[in-house]
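Engineer: Here is a sequence with its predicted model. Questions after.
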Amino acid sequence: MTTILPTPPEDPTDPMAKRLKPQLSWQGVFSGVMYFLMYLPILVLTVYSFNESPYSAGWKGFTLTWYAKLFSDYRILEALRTSLLVALVAVAVAAVLGTMVAVGLARYQFWGKRLYLGMSYLPTIVPDIAIAVATLVFLAALAIPLSVWTIVAAHVVFCLAYVAIVVSTRLGDLDPHLEEAALDLGATPLQSFFQVLLPQLAPGILSGCLLAFVLSLDDFLIASFTAGNGATTLPMEIFSRIRTGVKPDVNALSALLISFSAAIALSSEYFRYRSERKKVN
């Protein structure tokens, strides 16, 4: 009969045991303080969006009036419709072009490839003000009148770059021999792309589109330079209202935008996590 010996008690003087125990280090404290200071303004903004007082200086009581007011404000609803239209169209175009850029740079060799690679990612590092001014000058040179569609064209520029970066990262983890095997088995290049490569790229394309959608929805600077009369996006509407002071309705609108952006970011991270799990399994 096997005898099970009891586990000896842990020696508190053992240095190995001390190293194995999780300890609260200064790095953890610093990270906690950093995150607290980073998200404290968002917390304050959210709390004051429920303030009964029409002025944000003092707390007068809890109310949902300002959130209800948003859904009956014509200007807010019209600006939201414009922002959603711009973001959806820009992301749809950027998804197609960005995927083509990523696949072309990863799978084909051509003259000037390195230069083209650097230029395709340039909008992610160029300041927004430079993109806004350059786009405005370009539109003026071609005598194109400003409208909601000029905002869409400007947003496609930086949305395309972000989609291409995310899809390129996903492409780097894929085996190119799968496409070669499909071609050897008689598939055409289009069949190989749509039936073999595209399903594997789908999580990366979706993550890139979600990221680009949030960036387009939150953009103020580029939209303000390229918008025509009547083409007011949601960030532009918020900026026009805070010129006279920050009111609880602006706080409520900002809190909703932050919550919506966070939900999209979490969704993107979830799809990326699922993709990584499938790759490991």
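Structural biologist: Arrived safely.
Engineer: and the closest residue to Val133 other than its chain neighbours, how many neighbours?
Structural biologist: Spatial nearest neighbour of Val133, excluding adjacent residues (C-beta to C-beta, 6 or more residues apart in numbering): Phe225 at 6.8 Å. (C-beta placed from N, C-alpha, C; glycine too.) For Phe225, the tally of surrounding residues (other C-beta atoms under 10 Å) stands at 21.
Engineer: For Ala140, see how far away Arg241 is.
Structural biologist: Distance, Arg241 to Ala140, using C-beta to C-beta, to the nearest Å: 29 Å.
Engineer: Could you check how far the residue nearest to Val133 is from Ala154?
Structural biologist: From Phe225 to Ala154 the distance is 8 Å (C-beta to C-beta).
Engineer: What's the first helix or strand after the host helix or strand of Pro199?
Structural biologist: Assessed by DSSP states H and E, Pro199 sits inside helix 198-218. For helix 198-218, the following helix or strand on the C-terminal side (DSSP H and E) is helix 221-226.
Engineer: got the contact list for that next one?
Structural biologist: Identification of contacts with helix 221-226 by C-beta atoms under 8 Å, 6 or more residues apart in numbering yields 86, 128-129, 131-133, 135-136, 139, 146, 150-151, 153-155, 158, 233, 235-236, 239.
Engineer: can we see that at 6 Å?
Structural biologist: Helix 221-226 is contacted by residues Asp128, Ile131, Ala132, Thr135, Leu136, Thr150, Ile151, Ala154, Thr233, Met236 when judged by C-beta atoms under 6 Å, 6 or more residues apart in numbering.
Engineer: Can you get me a residue count around the residue nearest to Leu174 when sequence neighbours are not counted?
Structural biologist: Using C-beta to C-beta, 6+ apart and skipping residues adjacent in sequence, the residue nearest Leu174 is Gln200, 5.5 Å away. Counted with other C-beta under 10 Å, the neighbours of Gln200 add up to 18.
Engineer: likewise Leu97?
Structural biologist: Neighbour count for Leu97, taken as other C-beta under 10 Å: 16.
Engineer: The one 5 residues further on now?
Structural biologist: Applying other C-beta under 10 Å, we find 25 residues neighbouring Ala102.
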